[in-house]
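>>> Only the shape, not the letters, is given here:
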Ligand code: GLC
Ligand code: CA
C-alpha cells in the first residue's frame, strides 16, 4: 500500500481572504492579516490553508475574475507579502493552497483584450468566439448567473461565451497554447512554494465541440439542462495533462470543485480522480451540502461517495464554503442548532477522507442577515429577494468582542454578524466547552491516531433510528464513533465486549470507561471511543 500523504491525513482550512483579518483599516481582509493569525491557525491544528483567489482582479465576482495571474491584488497585499505568508506558514508547518480560476479570466485580462481586438489576433482562439445564428446568440446556453451565456462584441461582430458574468469570458481549453500558458503560470506559483491548487469549476472547462443546444427541460434541477456546456468527456484528457505539471514537483496536490446541482453527483465528482493517480488528487462532492438534517441522509452520502471513489483514490468532505449557506444555518434546528453543529463537526473530523473547514465554522458561525442595501454579491443583487446571494456566508471572521469583532479598525466591507459578543475566537478559546475547543480537540485526536486519519471506516449503524455509528481501524488501533442525530434520548446495543474508553464526547467525560458498546445516548450526543484492550 502506498504511503498516506499530508493531503490525505491533514485538515484543510479555507480562508476567504476579504473576510479573515484586515491589517490596515481599509475594511478588507488581507495577507498581512492572515500572517497575524497564523498562530491561531497553528493553535487550532490545521495542516493547510486554501486561500480563495488573491490574484489581481476587478472584483466583479470578488476575485473569481482574475486580470493578472502573476500578481497579488493590491487590496490584499504584494508578492513580498505572499512570500512572507508562505515562509511563516511553513515555519508553523502549515501549507498554502491557492485557488486556480482557469475556466475563465476577467474581461480585463490582457489575453482577452488581445483576443477581442481582431478576428485574426493570435489569442483569438484562447477564448470562445462564435458567429450569430440567424441574427441571434449561437445557441441556447445559459450563464450560471442568469441570462444568455453569450455576449455580443460589436468590434469584431461575434459573440463570446461566458458561463458566469459577462465580465468572466470562458477560456478555450481546446487551445494548446492557452493551456501551456496556464501550466507556465502554475509552475510560477509552485516554484514560489505553494503546495497545491483548488480548481474552480473544473467540470466546466470543456464545451461541446459542435456547440449543440442544451436539451430543453422543464425540470429546474435536471442535469440534462447543461448537457453540452459542462461535464464533457474530453476534459479528462486535459486534467491528465495538468496532473503531469503538478507531478513535476514533490508532495503537491489538487482539489477540484466539481459543481453539480442538488442532490449532488458523487460519480461525476469521483470521475475527476481518474484511476486514483492520474487526474486530480481530491474532488469535492457537494451532495452533503444539499442534504437535510437526517442520519439516513448523511449515511447515504458517505456510502455513495465511498462507492464512487476509484480504488487508489481518496475522498474529502466539506460542510460549508463561500458559495453555500453556512452549515450551521443549513442544519436548522432552532435552539438546537449549536448541538447539531457540534455533531456535524464530530462527523466531519472522524469519517474517512480529508476534512475541509470553512473559516468561522469552528466558532459555529451562522449566516449573517444582510439588508438589501448592503448586498454586494452580483447574484444577490440580481435575484433579491428570491435568492439573496452568497454574502451571508462571507461576513468577517469574529476575533473578539470589540467593535466589528476585531476584524477591522475601519468599516468592514460586509456587515459583521451581530452574535460577535460571544461568538468569537477570544471568548471561545477561554471556554473549555466551546465549539471552538471541540474542533481543536477533534483535530488533535485525528492527528494523533492513525485509525482516525488513514484507518478504514467500517459502518455499524446506518442511519437507522436517526443514529450513525462506525468503527475506524488501523492495524490494532480501533475506534468507535456514535452520532445521535435525534433530539431524543436513544439506546444502542452494539455489543463488542472489551475495555473501551471515551476519548472525546459532546456529553461524556474522557474518564469514562465502557465494557461494551451498549449505551444510552443523550439527544444529539456524539462520542468517540477507543478500544483499550480485549477481554481474555
Ligand atoms: C465557483 C466559485 C464561485 C464563483 C464561480 C465562478 O463556483 O466557487 O465563487 O462565483 O466559480 O468563478
Ligand atoms: Ca486591508
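Received the coordinates, thanks. A quick note: this is a predicted structure, and the numbers were derived from the prediction, not measured. Numbers count the residues shown, from 1 in each chain. Ligands and ions are numbered 1, 2, ... in the order given.

>>> Please count neighbours and contacts with C-alpha atoms only from this point.
Noted.

>>> need the contact list for residue 337.
Residue 337 is in contact with 328, 329, 331, counting by C-alpha atoms under 8 Å, 6 or more residues apart in numbering.

>>> residues in the chain within reach of ligand 1, list them.
Contact residues, the chain versus ligand 1 (C-alpha under 6 Å from any ligand atom): 61, 64, 200, 201, 323.

>>> Could you identify the most distant pair in those?
61 and 201 (13.9 Å; C-alpha to C-alpha).

>>> Grab the most central residue of this protein for me.
The residue lying closest to the centre of the chain (C-alpha atoms, centre = their mean) is residue 321, at 4.9 Å.

>>> That residue against residue 358, yeah?
Yes: under the criterion of C-alpha atoms under 8 Å, residue 321 makes contact with residue 358 at 5.6 Å.

>>> Overlap of the contact sets of these two?
Listed as contacting both residue 321 and residue 358 by C-alpha under 8 Å, 6+ apart are residue 14.

>>> What degree of burial does residue 43 show, as a neighbour count?
Residues lying near residue 43 (other C-alpha atoms under 10 Å) number 12.

>>> Buried residues in the helix or strand containing it, which are they?
Take DSSP states H and E as the rule and residue 43 turns out to sit in helix 38-44. Buried residues in helix 38-44, counted by 16 or more other C-alpha atoms under 10 Å: 38, 41, 44.

>>> Report all helices and strands that that helix contacts.
helix 435-448 (3 or more C-alpha pairs under 8 Å, 6 or more residues apart in numbering; DSSP states H and E).

>>> can you list the residues that contact the helix it packs on?
With C-alpha under 8 Å, 6+ apart as the criterion, helix 435-448 contacts 9-11, 43-46, 342, 345-346, 349-350, 362-364, 425, 428-429, 431, 452-453, 504.

>>> quick one, what contacts the residue of the stretch 1-150 of the chain found nearest ligand 1?
Across the stretch 1-150 of the chain, the shortest distance to ligand 1 (C-alpha to the nearest ligand atom) belongs to residue 64, at 4.5 Å. Neighbour list for residue 64: 53, 57, 101 [criterion: C-alpha under 8 Å, 6+ apart].

>>> do residue 286 as well
259, 260, 264, 265, 318.

>>> Leaving out chain neighbours, which residue sits closest to the last one?
Right, the one you point to is residue 318. Setting aside the residues directly before and after it, residue 318 is nearest to residue 356 in space (C-alpha to C-alpha, 6 or more residues apart in numbering), at 5.1 Å.

>>> With the second one instead?
Leaving aside its chain neighbours, residue 260 sits nearest to residue 286 (7.2 Å; criterion: C-alpha to C-alpha, 6+ apart).

>>> okay if I get the residues of the chain next to ligand 1 as JSON lines plus pLDDT and secondary structure?
Output for the residues of the chain next to ligand 1, formatted as JSON lines (pLDDT from 0 to 100; DSSP: H, G, I helix; E, B strand; the rest coil):
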{"residue": "61", "pLDDT": "98", "secondary structure": "coil"}
{"residue": "64", "pLDDT": "98", "secondary structure": "coil"}
{"residue": "200", "pLDDT": "98", "secondary structure": "coil"}
{"residue": "201", "pLDDT": "98", "secondary structure": "coil"}
{"residue": "323", "pLDDT": "98", "secondary structure": "coil"}
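
>>> Show the buried residues in the residues you listed.
With burial judged by 16+ other C-alpha under 10 Å, the buried subset of the residues of the chain next to ligand 1 is 61, 64, 200, 201.

>>> so the residue nearest to residue 57 when sequence neighbours are not counted, which of the three states?
In this structure, residue 57 finds its nearest non-sequential neighbour in residue 66, 4.6 Å apart by C-alpha to C-alpha, 6+ apart. Recorded secondary structure, residue 66: coil (DSSP: H, G, I helix; E, B strand; the rest coil).

>>> My guess is residue 66 contacts residue 106. True?
Yes: using C-alpha under 8 Å, residue 66 makes contact with residue 106 at a distance of 4.9 Å.

>>> Can you pull the residues that touch both of these two?
In contact with both residue 66 and residue 106: 57, 58, using C-alpha under 8 Å, 6+ apart.

>>> Count the residues that sit near the nearest residue to residue 270 once chain neighbours are set aside.
Spatially, and ignoring its direct neighbours in sequence, residue 270 is nearest to residue 309 (5.3 Å; C-alpha to C-alpha, 6+ apart). Around residue 309 sit 23 other residues, with neighbours defined as other C-alpha under 10 Å.
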